[in-house]
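Asker: Sequence below, structure please.
(one chain, ligands or ions: 1)
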Amino acid sequence: MRLHRNLVFAVIDTLHLVFNEDKYADKEISKTLKRDKRWGSRDRAFIAETTYDIVRWKRLYSEIADVKAPYTRANLFRLFTVWATLKGIQIPDWPQFEDTPTRRIKGRFDELSQIRKYKESIPDWLDELGEKELGKLWDKEINALNKQASVVLRTNRLKTNPKELQKTLDEEQIATKLLSEYPDALELYERQDVFKTQAFKKGLFEVQDASSQKIAHALDVQEGMRVVDTCAGAGGKALHLAAIMENKGQVIALDIYANKLKELKRRAKRAGAHNIETRHIDTTKVIKKLYDSADRVLIDAPCTGLGVLRRNPDAKWKLSPEFLKEITEKQSQILYQYSRIVKSGGKLVYATCSILPSENEKQIEKFLSTEEGEKFKLIKEQKISAYQSGYDGFYYAVLLKK
Ligand SMILES: C[S@@+](CC[C@H](N)C(=O)[O-])C[C@H]1O[C@@H](n2cnc3c(N)ncnc32)[C@H](O)[C@@H]1O
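Answerer: The predicted model follows:
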């Protein structure tokens, strides 16, 4: 592979914003990709994948290159050099790469690969927490979470079915496979920009990880029901619910951020999902008005996102023990308050994209011992490991209101 100056510079500029200015990798990468219209799909893939790779391996590469934050431009080039050397890419004779110590880089890599926090490139506190919460499983789990995520689509059954969608995408040169355990899913053989396709513009699919596609099915919704999605965000699960319900009944989508609900509405229009009503939680009244009224309630709770590190590797550097404490308290409050929306005989699904028991089964255990929780019975629980599933790490519990 030959390195092109403007593409490497684009990677370095993006890394500067993520590492030094605390910006989000996904947002900065999309901005960078808009910089030059002449870049083709391979150029774009190089920028995105290289940036994500260096973000993912930041600690390991920093140790190898012996550099620390804040990262000067020269230091960012040293991280890039480590990346290229370990990938076996020929280093060009630009001034930024003078005297690359290739053998030293490989030697340091072998040494550091013996120690998990370096090998898996994670902060000390996260390594200790992972081991404390998951024991022996942590080793395999963090290893799986450092792999690059595949692209999985969720077929919009309001407009098509997986086999038909597969054919349509084939005509647009996108090859996919069906996933037997996930009824609505298609996985791409190769990473491609699916948002440009006519199929996407027509609302035939959404991009949604296979594990995440399990959540809407867990609600066991039927046509005509009243379903409340309490933390709906931009609507990944709400859209899926509307499709399973074949547009019949009602999905009430709530969130504390109005801009996310606006995006949900845009996506619902594209998908032809007509039974979703959005309500912005701007006062507690919005929740109180719904008490004892829903057949199904989904709490897709805000969480650390430790199950989706493959997609958001910069979360490793943005999370902190303080945030974990804050978010688990918020999850307990949300569970206590929003569970009251379920009517008698109805079901509550609590889900997170985290792999930590303190955000998952421990939350449910604690909730069941509260005054509100005593009204519920746990009927199903699934811990979806990234290592075992090959997809994102997720958790869900199904509770029946007595
Ligand atoms: C895991 S995300 C939801 C993802 C979404 N359900 C999907 O499938 O695309 C959690 C959401 O909870 C929202 N949130 C945070 N605090 C909340 C609260 N107190 N009440 C309702 N929503 C909240 C966040 O804005 C975020 O959109």
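Asker: Adjacent strands (with direction) for the top strand by length along the chain?
Answerer: Ranked by residue count under DSSP state E, the longest strand found in the chain is strand 342-352. Applying DSSP bridges, strand 342-352 is found paired with strand 294-300 (parallel), strand 394-401 (antiparallel).
Asker: Dump that strand to PDB, keeping only the CA atoms.
Answerer: Extracted C-alpha coordinates of strand 342-352, given in PDB (Å, rounded to 0.1, in the frame of the first residue of the first chain):
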ATOM      1  CA  VAL A 342     -46.700  -0.400  32.600                       C
ATOM      2  CA  LYS A 343     -50.300  -1.400  33.200                       C
ATOM      3  CA  SER A 344     -51.200  -4.500  35.200                       C
ATOM      4  CA  GLY A 345     -50.500  -7.600  33.100                       C
ATOM      5  CA  GLY A 346     -48.200  -5.600  30.800                       C
ATOM      6  CA  LYS A 347     -44.500  -6.100  30.200                       C
ATOM      7  CA  LEU A 348     -41.400  -4.100  30.800                       C
ATOM      8  CA  VAL A 349     -38.100  -4.600  28.900                       C
ATOM      9  CA  TYR A 350     -35.000  -3.000  30.400                       C
ATOM     10  CA  ALA A 351     -32.000  -3.000  28.000                       C
ATOM     11  CA  THR A 352     -28.500  -1.600  27.800                       C
END
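Asker: How about residues contacting it?
Answerer: With contacts defined as CB atoms under 8 Å, 6 or more residues apart in numbering, strand 342-352 is touched by 215, 218-220, 237, 292-301, 303, 307, 331, 335, 339, 359-360, 363-364, 367, 376, 379, 394-402. Just so you know, the C-beta spots here come from the backbone N, C-alpha and C atoms, and that holds for glycine as well.
Asker: Can that strand be said to contact the ligand?
Answerer: No - with CB under 6 Å from any ligand atom as the criterion, the ligand is not reached by strand 342-352; the gap is at least 7.2 Å.
Asker: Could you pull out the buried residues of that strand?
Answerer: 342-343, 346-352 (16 or more other CB atoms under 10 Å).
Asker: Now flag whichever of the residues you listed is closest to K318.
Answerer: T352 (17.1 Å; CB to CB).
Asker: Let me know how buried the residue nearest to that closest one when sequence neighbours are not counted is, in neighbour terms.
Answerer: Using CB to CB, 6 or more residues apart in numbering and skipping residues adjacent in sequence, the residue nearest T352 is C303, 4.0 Å away. When neighbours are defined as other CB atoms under 10 Å, C303 has 25 of them.
Asker: between the strands paired with strand 342-352, which gets nearest to I54?
Answerer: Here strand 394-401 is closest among the strands paired with strand 342-352 (CB to CB), at 26.8 Å.
Asker: Mean confidence (pLDDT) on stretch 378-390, please.
Answerer: Average pLDDT, stretch 378-390: 98.
Asker: end-to-end on that stretch?
Answerer: 27 Å (CA to CA, to the nearest Å).
Asker: ok now it, how far from the chain's centre?
Answerer: Here the centre of stretch 378-390 is set off from its chain's centre by 16 Å, with CA atoms, centre = their mean, to the nearest Å.
Asker: And the contacts of it?
Answerer: Taking CB under 8 Å, 6+ apart as the rule, stretch 378-390 contacts 137, 140-141, 143-145, 210-211, 214, 218, 307, 310, 347, 355, 360-361, 364, 368, 391-400.
Asker: residues in contact with the residue nearest the centre of the chain?
Answerer: The geometric centre of the chain, computed from its C-alpha atoms, lies nearest to V308 (CA atoms, centre = their mean), at 4.1 Å. For V308, the contacting residues are 209, 315, 353, 392-393, by CB under 8 Å, 6+ apart.
Asker: Let's see that with 7 Å instead.
Answerer: V308 makes contacts with 353, 392, as judged by CB atoms under 7 Å, 6 or more residues apart in numbering.
Asker: okay, stretch 185-201 in CSV with CA atoms only?
Answerer: Extracted in CSV, the C-alpha atoms of stretch 185-201 (Å, rounded to 0.1, in the frame of the first residue of the first chain):
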residue,chain,number,x,y,z
ALA,A,185,-30.8,-9.0,9.5
LEU,A,186,-28.5,-8.9,6.5
GLU,A,187,-24.7,-8.6,7.1
LEU,A,188,-22.4,-7.1,4.5
TYR,A,189,-19.5,-9.2,3.3
GLU,A,190,-17.4,-6.0,2.9
ARG,A,191,-17.6,-2.6,4.6
GLN,A,192,-19.3,-0.2,2.2
ASP,A,193,-21.2,3.1,2.4
VAL,A,194,-24.8,1.9,2.3
PHE,A,195,-26.3,5.3,3.0
LYS,A,196,-25.7,6.3,-0.7
THR,A,197,-27.9,3.4,-2.0
GLN,A,198,-31.3,3.9,-3.5
ALA,A,199,-32.5,1.1,-1.2
PHE,A,200,-31.6,3.2,1.8
LYS,A,201,-33.2,6.4,0.4
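Asker: Right, I'll leave it there.
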